[in-house]
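> Just a sequence and a predicted model for now, questions to come.
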Amino acid sequence: MSAAKDLLTEISSLLRTIETDYPGLYRHLDERAMSFSGSGQSEVDSGELKDYLQTLKDMLKRYKEEH
């Protein structure tokens, strides 16, 4: 569970950075909302969190390159 907690902490930190420093990108995050546990499970696994974190990092990188 520690890995999931660490991932959630990193995701939260990155989201705060995006919200504060890149409001233009932050406004678009709702449009690209990630859905977890497509299998109907109530828990999110570490793989899904890693994928979401990587998606956020990729979006931020593209945003920085384009603006």
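Looks like it came in fine. Numbers count the residues shown, from 1 in each chain.

> for the lowest-mean-pLDDT helix or strand in the chain, which positions count as buried?
Taking mean pLDDT, DSSP states H and E as the measure, the chain has helix 23-29 as its least confident helix or strand, at a mean of 90. Using 16 or more other CB atoms under 10 Å as the test for burial, helix 23-29 gives 25-26. C-beta coordinates here come from the backbone N, C-alpha and C atoms, glycine included.

> Convert it to PDB, retaining C-alpha atoms only.
Listed next in PDB are the C-alpha coordinates belonging to helix 23-29 (Å, rounded to 0.1, in the frame of the first residue of the first chain):
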ATOM      1  CA  PRO A  23      -4.000  27.300 -15.000                       C
ATOM      2  CA  GLY A  24      -4.600  27.000 -18.700                       C
ATOM      3  CA  LEU A  25      -3.800  23.300 -18.500                       C
ATOM      4  CA  TYR A  26      -5.600  22.800 -15.200                       C
ATOM      5  CA  ARG A  27      -8.900  24.000 -16.800                       C
ATOM      6  CA  HIS A  28      -8.600  21.200 -19.400                       C
ATOM      7  CA  LEU A  29      -8.000  18.400 -16.900                       C
END
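
> That one: how far from the chain's middle?
12 Å (CA atoms, centre = their mean, to the nearest Å).

> where's Tyr26 relative to Leu56, distance?
To Leu56, Tyr26 is 11 Å away according to CB to CB, to the nearest Å.

> Kindly report the same for Ser2.
From Ser2 to Leu56 the distance is 21 Å (CB to CB).

> Next up, the contacts around Leu56.
Contacts of Leu56 were listed using CB atoms under 8 Å, 6 or more residues apart in numbering, and they are 11, 14-15, 18.

> give me the element it is part of.
helix 46-66 (DSSP states H and E).
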